[in-house]
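Visitor: Sequence first, predicted model second:
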Amino acid sequence: MYEEIKEPVTVVAVFSRAKVAPRLFTWRRRNYPISRVTASWSDYEGEAKRLFFSVLTDGANLYELCFHTRSLQWDLLRIYHD
């Protein structure tokens, strides 16, 4: 089961050799350290590339983040619950 969120978040990420690795995100004034990236993929919205990441934190939930490469904006798209 999942919950649609679609809200902007602040993300601390490492950018290295055309790769992006999110490390922590802040949502609703709470920090979520990322323990593992379980999947990543990309697509295009028009000509703008978007990068997607499924991430685990210390909790039991899986979070789906999206990085918009044109605007440099991050969004929390979904939370997957047990």
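Guide: Looks like it came in fine.

Visitor: what residue is smack in the middle of the protein?
Guide: Closest to where the C-alpha atoms of the chain average out (CA atoms, centre = their mean) is Leu65, at 2.0 Å.

Visitor: Can you give me the separation between that residue and Asp58?
Guide: 16 Å (CB to CB, to the nearest Å). In short, each C-beta sits where N, CA and C put it, glycine included.

Visitor: swap in Ser16?
Guide: Separation of Ser16 from Asp58 (CB to CB) stands at 24 Å.

Visitor: so after the longest strand along the chain, what's the next helix or strand?
Guide: Criterion DSSP state E: the longest strand present in the chain is strand 2-16. Where DSSP states H and E defines the elements, the next helix or strand beyond strand 2-16 is strand 19-27.

Visitor: can I get the CA coordinates of that next one in CSV?
Guide: Listed next in CSV are the C-alpha coordinates belonging to strand 19-27 (Å, rounded to 0.1, in the frame of the first residue of the first chain):
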residue,chain,number,x,y,z
LYS,A,19,25.7,10.1,-10.8
VAL,A,20,23.4,11.4,-8.0
ALA,A,21,23.3,9.7,-4.6
PRO,A,22,20.7,11.1,-2.1
ARG,A,23,21.9,10.8,1.5
LEU,A,24,19.2,12.6,3.6
PHE,A,25,15.9,14.4,3.0
THR,A,26,13.9,16.8,5.0
TRP,A,27,10.1,16.7,4.8
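
Visitor: tell me which residues in it are buried?
Guide: 20, 22, 25, 27 (16 or more other CB atoms under 10 Å).

Visitor: can you give me how far it is from the chain middle?
Guide: Centroid separation for strand 19-27 versus its chain: 6 Å, with CA atoms, centre = their mean, to the nearest Å.

Visitor: Ok, stretch 47-55 next?
Guide: 8 Å.

Visitor: which residues are in contact with it?
Guide: 20, 22, 25, 34-44, 62-71, 77 (CB atoms under 8 Å, 6 or more residues apart in numbering).
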